[in-house]
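[1] Next one to model:
(one chain, ligands or ions: 2)
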Amino acid sequence: MTAWRQDIHAHPELGFQETRTSELVASKLESFGLEVHRGVGRTGVVGVLRAGRSPRKLGLRADMDALPIQEANTFAHRSRHDGRMHACGHDGHTTMLLGAAKYLAATRAFDGTVHFIFQPAEEGLGGAQAMLADGLFERFPCDALFGMHNRPSLPVGSFAVRAGPMMAGGGFFDIKVTGKGAHGARPETGVDPVIVAAHIATALQTVVSRNVAPVETAVVSVTRIQGGDAYNVIPQSALLGGTVRAFSRKVMDQIGEAVRRIATGVAAGLGASAEVDLRWGFAPTVNDASEAEFAARICAELVGAERVERHPPLIMASEDFSFMLEKVPGCYVNIGNGEGESGCEVHNPGYDFNDRALPLGAAFFARLVETRLAAA
Ligand SMILES: [Zn+2]
Ligand SMILES: [Zn+2]
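    Ligands and ions are numbered 1, 2, ... in the order given. Okay, the predicted model is just below:
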């Protein structure tokens, strides 16, 4: 597995360009004896493994894409591609699922069907949605679904499993404010969109503080304001942009409604108009309570209950496995990538997946299948 992982690490590919990686995955699955479906969600791959006669079906998912980052590491398996890097550990995720597939295909000590889902383009390009749009769960139905992401700073040999919401849903917004351009010295002849944008940015602070319930968790950040080119010209328009995060569809809807109401209402009150474009790119990642319980039990059998963190903090970042978990109940597990030198954060140019975690992740998937689809 270490050789596979380092080979994938050395040849990182960006979202929907994972041709080498997905071919490597597909040919390995075929060599293990799985039925292989290429091109599910463009560069995605699904491997099907059946044993016995039970109609029970499980889905296991890994992601395959890299990031547009210049790698700073100098070890032998560093990226061979300028400006591309496996900085989120998806090389490790893919390898752990391949390891489980090889073991389960060789032993077949279970009764049912396992769908091995290798997803492209997790890093914001919509790989999960592409697989869903390609009929992923109609073609490969699953009773339950599991995936895994490495976590730096969590020791190797530890897992973290949280029931319920785990990672935020996230989106971006653009607000275009249209006023009326004028001479900077004669504001009475125009409608100043800069002052309207400033009022909107201030008023948007009330969404989290006054609209979202205090026990919920949400973020509304205005991260850019653009308007005007000259000292003596009141411009015709101004633009605001930013990001929003929340842990439930209900709060996401509430935020979307409030941002629209505030932007258009404040603009109208000041004699201008505002157009709001708010796009949710990620759903909140929500683990099914009983599937989380099951996943945590499997982890505890592997490493001991004391090494399974059951109440890790919420993660404000987003993950597109969330869209799959909205269709099929399941659980997303964090696997320790190590502390100290191995504690380098994901998306950092010095990051590397920790190969010592590979057998633990593969064993988690294998034991999960043999337990859930236990032969009678
Ligand atoms: Zn990432
Ligand atoms: Zn990732």
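[2] Residues contacting stretch 208-219, please?
    168, 207, 220, 243-248, 251, 254-255, 258, 314, 316 (C-beta atoms under 8 Å, 6 or more residues apart in numbering). C-beta coordinates here come from the backbone N, C-alpha and C atoms, glycine included.
[3] farthest-separated two in these?
    Ala258 and Leu314 (21.2 Å; C-beta to C-beta).
[4] I'd say Glu167 and Ala283 touch.
    Careful, residue 167 is Met and not Glu. No. Using C-beta atoms under 8 Å, Met167 is not in contact with Ala283, being 9.6 Å away.
[5] what do these two both touch?
    Counting by C-beta under 8 Å, 6+ apart, the shared contacts of Met167 and Ala283 are Ser322.
[6] hmm, which of the contacts of stretch 208-219 are the buried ones?
    Among those, those buried by neighbour count (16 or more other C-beta atoms under 10 Å) are 168, 207, 220, 244-248, 251, 254-255, 258.
[7] Make CSV from those and add secondary structure and distance to Asn73 to it.
    CSV is the format used below for these (DSSP: H, G, I helix; E, B strand; the rest coil; distance: C-beta to C-beta, whole Å):
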residue, secondary structure, distance to Asn73
Ala168, coil, 29
Val207, helix, 41
Val220, strand, 36
Val244, strand, 34
Arg245, strand, 30
Ala246, strand, 35
Phe247, coil, 34
Ser248, coil, 38
Val251, helix, 39
Gln254, helix, 43
Ile255, helix, 39
Ala258, helix, 44
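[8] Doesn't Thr223 belong to a helix?
    No. Thr223 is assigned strand when assessed by DSSP: H, G, I helix; E, B strand; the rest coil, not a helix.
[9] thought it was touching Leu204?
    No. Judged on C-beta under 8 Å, Thr223 makes no contact with Leu204 at a distance of 11.4 Å.
[10] what about the two, which has more around it?
    Set Thr223 next to Leu204 and count neighbours by other C-beta atoms under 10 Å: Leu204 wins out with 23 against 10.
[11] which stretches of the stretch 201-350 of the chain form helices?
    For the stretch 201-350 of the chain, the helices defined by DSSP state H, counting those that start in this stretch cover 205-206, 249-269, 289-303, 321-325.
[12] So, low pLDDT: which residues of this protein?
    Low-confidence segments of the chain (pLDDT under 70): 342.
[13] residues contacting the residue sitting nearest the centre point of the chain?
    In the chain, the residue lying closest to the centroid (C-alpha atoms, centre = their mean) is Glu319, at 1.5 Å. Residues counted as contacts of Glu319 (C-beta under 8 Å, 6+ apart) are 122, 149, 167, 282, 285, 332.
[14] so how many other residues sit close to the residue nearest to the third one when sequence neighbours are not counted?
    By that I understand Met167. In this structure, Met167 finds its nearest non-sequential neighbour in Thr285, 3.9 Å apart by C-beta to C-beta, 6 or more residues apart in numbering. Residues near Thr285, counting by other C-beta under 10 Å, number 27.
[15] Could you check how far stretch 359-368 is from the centre of its chain?
    Computed by C-alpha atoms, centre = their mean, to the nearest Å, the chain-centroid distance of stretch 359-368 equals 21 Å.
[16] Quick check, Met64 in contact with Glu123.
    No. Met64 is beyond contact range of Glu123, at 10.6 Å (criterion: C-beta under 8 Å).
[17] So which of these two has more stuff around it?
    Taking other C-beta under 10 Å, Met64 and Glu123 do not tie; Met64 has more neighbours (28 against 18).
[18] returning to what we had before: the contacts of Glu319 in strands, which ones?
    149, 167, 282, 285, 332 (DSSP state E).
[19] So which of these is the closest to Phe32?
    Within these, the smallest distance to Phe32 is 23.7 Å, found for His149 (C-beta to C-beta).
[20] For that closest one, grab the count of nearby residues.
    25.
[21] where's the closest residue to Gly256 other than its chain neighbours relative to Ser248, distance?
    Spatial nearest neighbour of Gly256, excluding adjacent residues (C-beta to C-beta, 6+ apart): Leu278 at 5.2 Å. Leu278 sits 16 Å away from Ser248, going by C-beta to C-beta, to the nearest Å.
[22] about what we covered before: which of the helices of the stretch 201-350 of the chain sits closest to Glu138?
    Per C-beta to C-beta, nearest to Glu138 of these: helix 321-325, 13.1 Å.
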